[in-house]
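*Asks:* please find the sequence and the predicted model below.
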Amino acid sequence: MCIYTMETVYCITANNKGLKQNLTIHDYETQHRSDFETQFCRTDIFKKSVINLGTKLYNKLPNYLKNLENLKSFKKQLKAILLQQTFHSVDEYLCCMQAP
């Protein structure tokens, strides 16, 4: 689970060209301005896709990690966070991981 989460979040971070961040939608200094906008899912296939799940996993990360611009340090700190806590499923990660 740790490897899947890490690679999915890293994929979203490295290849985020088609995704909109909340800071591009409005100019307000909100708490979730560095989150990616989640898309509406009509089908189960899209709900389980890398883009949809990766966006949700990314949005649960702490803001200091989302604001890192160096991908190498991002991956290193992401790995450290995921190794501190053990998650056995994506649902468990989404329920337990809280972005400060």
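*Replies:* Nice, I can see it.
*Asks:* so what's the residue most central in space within the chain up against?
*Replies:* Of all residues in the chain, the one closest to the mean position by C-alpha atoms, centre = their mean is Tyr58, 0.5 Å from it. The contact partners of Tyr58, by C-beta atoms under 8 Å, 6 or more residues apart in numbering, come to Val9, Ile12, Thr13, Asp35, Phe36, Lys66. (Glycine included, C-beta is placed from N, CA and C.)
*Asks:* columns secondary structure, distance to Gln84 and pLDDT on top of these, output as CSV?
*Replies:* Formatted as CSV, the contacts of Tyr58 follow (DSSP: H, G, I helix; E, B strand; the rest coil; distance: C-beta to C-beta, whole Å; pLDDT from 0 to 100):
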residue, secondary structure, distance to Gln84, pLDDT
Val9, helix, 15, 91
Ile12, helix, 21, 89
Thr13, helix, 19, 87
Asp35, coil, 22, 85
Phe36, strand, 23, 86
Lys66, helix, 17, 88
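*Asks:* redo those as a markdown table? Include neighbour count and distance to Gln21.
*Replies:* Formatted as a markdown table, the contacts of Tyr58 follow (neighbours: other C-beta atoms under 10 Å; distance: C-beta to C-beta, whole Å):
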| residue | neighbour count | distance to Gln21 |
| --- | --- | --- |
| Val9 | 25 | 15 |
| Ile12 | 21 | 11 |
| Thr13 | 20 | 11 |
| Asp35 | 20 | 7 |
| Phe36 | 21 | 6 |
| Lys66 | 20 | 9 |
